[in-house]
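In: Next one to model:
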Amino acid sequence: MWKSISKHGILFVAGGILYVLIELFWRGYSHWSMFFIGGLCFFLIGLLNEVFPWNMPLCLQGLAGATVITVAELAFGYLVNIRLGWQIWDYSDMPLNLMGQICVPFSLLWILVSIAAVITDDWIRYRIFNEKLPTYRLF
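Out: Just a heads-up that it's a prediction; the model follows:
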């Protein structure tokens with residue numbers, strides 16, 4: 001049990017750090033809370049291989065991951081941006097947005113981010129935890 005908790009903790013922290021780095025590269029800044037949503041999304045995307053078959057195409061894994069991120073972004077955005085008023089992000093000026101918290105263009109971008117997260121999660125599991133490295137197919 002301790003091994004599982006530490007493995008999941010390492011994956012969560014890795015995802016949090018990677019997401020903050022993506023934001024720093026993309027926007028030039030981040031917020032400390034993004035570490036937590038990034039870690040949570042990375043962890044959940046990594047669990048996709050536990051729920052879906054290993055031979056699931058990367059495009060479908062990316063779509064499933066983008067759904068995870070979009071739902072998490074809506075819930076987290078509602079809490080921190082609307083209820084708490086932190087104003088961490090605002091998609092109000094983006095097309096097809098919902099309450100300024102999610103929008104179609106970023107949900108599509110999350111597909112690519114999710115594919116990268118799936119591969120990164122698998123690589124970390126392979127290198128650090130000696131798990132099997134899956135083979136991938138795009139479609």
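In: what's in contact with stretch 101-116?
Out: With contact meaning C-beta atoms under 8 Å, 6 or more residues apart in numbering, stretch 101-116 is reached by 22, 45, 58-59, 61-66, 68-70, 73-74, 77-78, 81-82, 89, 91, 94-97. (Each C-beta comes from the backbone N, C-alpha and C, glycine too.)
In: middle-most residue in this structure, spatially?
Out: Nearest to the geometric centre of the chain sits residue 41, at 3.6 Å (C-alpha atoms, centre = their mean).
In: measure it to residue 93 for me?
Out: For residue 41, the distance to residue 93 equals 23 Å [C-beta to C-beta, to the nearest Å].
In: List phi and psi for residue 59.
Out: Per-residue torsions, residue 59: phi -60, psi -40 (degrees, to the nearest 10).
In: For residue 33, which non-adjacent residue is closest in space?
Out: residue 80 (6.0 Å; C-beta to C-beta, 6 or more residues apart in numbering).
In: my read: that neighbour touches residue 36, true?
Out: No. Between residue 80 and residue 36 there is no contact under C-beta atoms under 8 Å: 9.9 Å.
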